[in-house]
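1. When you get a sec, could you give me coordinates for this:
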Amino acid sequence: MSKPAPMKAVVAAVVAAMVATSALAGCASGQAPTPAALPSVAPGGDCPVTRAVTRPTARGGDTLGEGPARPVMGPVLEYTAAEPGTLFADSGWGGAKVLWFAAPGLRDPVVIKGRRLDGDSPVAFDGTQGEPLKNEIVIPPDPVAGDWRDRPSYVRLKAPGCYAFQVDTPDSSTVLVFEAVGATVS
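-> Purely as a prediction, here's the structure:
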């Protein structure tokens, strides 16, 4: 019987696999899940936002969609431009605080990435108060959690449009589509 890998090694392996293949390796069945299909949206086209709004715990607000991790938001995300006096000033990125809820008892990390569906504007996470911008966020597992737990984040954008979060575990891939509204950041 082999020893379980240390948590840092497991998270690093999951992140490396996601970056390299856009799908996580190492699920219990030995098969990586097929990444969820991202909808194709023409510039100026209708954004097929996720309509499902749930409240998985009494501890917080409504969340967008279903899955192992969900953002506490509706189908529209209003972000703040990088204006003087804001948390995002002089960063070249707009942003909005987004709280994520992770399901109780998760035994694997959850990796969250973002992508614009109707253009090529980038999506990043966090990057405030001297912290670097990230291409993704990872919520570590907590197999003994008795309730949904939270992970605060900042979603960073440069332009309004139609976007999606891709939420991956070794066993599943979920896409949550939302419309972002705010000023274009140049």
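2. Roughly how far does the closest residue to Arg149 other than its chain neighbours sit from Ile112?
-> Excluding the flanking residues, the one nearest Arg149 by C-beta to C-beta, 6 or more residues apart in numbering is Ala102, at 5.4 Å. Where C-beta positions appear, they are placed from N, C-alpha and C, glycine not excepted. The gap separating Ala102 from Ile112 is 10 Å, by C-beta to C-beta, to the nearest Å.
3. shared neighbours, these two?
-> With contacts defined as C-beta atoms under 8 Å, 6 or more residues apart in numbering, the residues shared by Ala102 and Ile112 are Ala69, Ile139.
4. Next up, the contacts around the spatially most central residue of the chain.
-> Centrality entry for the chain: nearest residue to the mean C-alpha point is Ile112, 3.4 Å, by C-alpha atoms, centre = their mean. Residues in contact with Ile112, defined by C-beta under 8 Å, 6+ apart, are Ala69, Trp100, Phe125, Glu136, Ile137, Val138, Ile139, Phe165, Gln166, Val167, Asp168.
5. ok, now Ala52?
-> Contacts of Ala52 by C-beta under 8 Å, 6+ apart are Leu64, Gly65, Glu66.
6. wait, the second one sits on Ala164?
-> No: proximity of Gly65 to Ala164 does not meet the contact threshold set by C-beta atoms under 8 Å, at 10.3 Å.
7. ok, and the most crowded of the contacts of Ala52?
-> Among the contacts of Ala52, the one with the most neighbours (other C-beta atoms under 10 Å) is Leu64, at 24 neighbours.
8. circling back to that earlier point, quick one: what helix or strand has the residue nearest to the centre of the chain in it?
-> Using DSSP states H and E, Ile112 sits in strand 110-116.
9. low pLDDT regions in the protein?
-> Along the chain, segments meeting pLDDT under 70 span 1-35, 58.
10. The same query, at a cut-off of 80, please.
-> 1-36, 52-60 (pLDDT under 80).
11. any chance you could map the strands in it?
-> All strands of the chain, identified by DSSP state E, fall at 53-54, 63-64, 69-71, 76-78, 94-102, 110-116, 123-126, 133-134, 136-139, 149-157, 161-168, 173-181.
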